[in-house]
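Visitor: structure of the sequence below:
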Amino acid sequence: MLAIGAVLLAGAAILAPVAVTAVRGWLRRRAAADLRPETMASRAGETLSLRGTAVPGPAGALESRLVSSECVWHGHEVRRHYWPLPRDVGEGDTVERTYDPIAEYGSTDPFGIASPAGGPRGRGRPVLVDPTDAEVAGPDMCLQRVVQRPQRGVPAPADDLLPRVKGQIVGLFRGETIEFEYREWVLRPGAPITVHGALEERGGALVLTAPSDGRLRIEQHGTTAPEARGGAAGALLLSAAAGLAAVAGLVLVLAGL
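Guide: Numbering: from 1, shown residues only. Next comes the predicted model:
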């Protein structure tokens, strides 16, 4: 029993620092997930990932350019579908329709990221997100419309979307145009998101921006709860294992003396 007790105490000594590290890491992730201002302010200058829900920024909720859908971020794309010219197709190759993006846009108005529980805890303003040139994954598609090219002798279909496109139409108009396709995506208020970027302070507000070595990334997903529960369970399991090993080892050592 003395030998077994010594082994258990040695195991507890190994598990203890691991458990402490796991608990500290979980508390740090929980504080970041809750977006507590007092915790987030101390992390200004770091590159990190924050989970929460999207909320309107200082300017309030936005409206998407093409269909006026309420959102905190919106982006759109115009595609020109066409048949390649015969000279652009290799001999013996099958001619297939293709497309070029001729207009792309993403809104740049800052919006907030709040705690899933209903807002940042404690005092202070919520963390803002600067989506300028951000990579946005998984937003809701709110429009996909195809407008056929005008045909000779046939009235042209109404294209009320073209005047709403932000920015210039660019690109080479190669081949024979088939149709134009309009697509638009939005992040709606309350959407669960994860934002990967650099945290900085601007005029008293905390803002997530693009890191120095890349682009800001915004991901819309289903929920944030499973990961938080998993982190808590892992930290608790390690702590319990270390405590039980220490108690059992001590009892066996005393019994063997």
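Visitor: and stretch 94-102, which residues are buried?
Guide: residue 102 (16 or more other C-beta atoms under 10 Å). Bear in mind the C-beta positions are built from the backbone N, C-alpha and C, glycine included.
Visitor: ok, stretch 106-116 next?
Guide: Buried-residue list, stretch 106-116, by 16+ other C-beta under 10 Å: 106, 107, 109, 110, 111, 112, 113, 114, 115, 116.
Visitor: can you map out the helices along the protein?
Guide: Along the chain, the stretches classed as helices by DSSP state H are 2-34, 37-41, 225-256.
Visitor: could you pull up the mean pLDDT of the first one?
Guide: This means helix 2-34. For helix 2-34, the mean pLDDT works out to 63.
Visitor: how is this structure carved up into domains?
Guide: As given by automatic domain parsing, the domain ranges for the chain are 1-34+224-257, 35-222.
Visitor: tally of neighbours for residue 206?
Guide: Using other C-beta atoms under 10 Å, residue 206 is surrounded by 22 other residues.
Visitor: ok, now residue 55?
Guide: Counted with other C-beta under 10 Å, residue 55 comes out at 22.
Visitor: who's the spatially closest residue to it that is not a sequence neighbour bridged to?
Guide: Excluding the flanking residues, the one nearest residue 55 by C-beta to C-beta, 6 or more residues apart in numbering is residue 112, at 4.1 Å. Listed by DSSP bridges, the beta-bridge partners for residue 112 are residue 55, residue 128.
Visitor: list the contacts of residue 112.
Guide: Residue 112 is in contact with 54, 55, 56, 57, 72, 126, 127, 128, 129, counting by C-beta atoms under 8 Å, 6 or more residues apart in numbering.
Visitor: turn these into CSV, including pLDDT.
Guide: Formatted as CSV, those follow (pLDDT from 0 to 100):
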residue, pLDDT
54, 96
55, 95
56, 96
57, 95
72, 98
126, 78
127, 91
128, 95
129, 97
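Visitor: and of the residues you listed, the nearest to residue 99?
Guide: Comparing those against residue 99 with C-beta to C-beta places residue 72 closest, at 28.9 Å.
Visitor: my read is that the closest one contacts residue 189, right?
Guide: Yes. With contact defined as C-beta atoms under 8 Å, residue 72 reaches residue 189; the gap is 5.7 Å.
Visitor: same drill for these two, tell me which one is more crowded.
Guide: Neighbour count, other C-beta under 10 Å: between residue 72 and residue 189, residue 72 has more, with 27 against 18.
Visitor: quick one, phi psi at that one?
Guide: As for residue 72, its main-chain torsions (degrees, to the nearest 10) stand at phi -110, psi -20.
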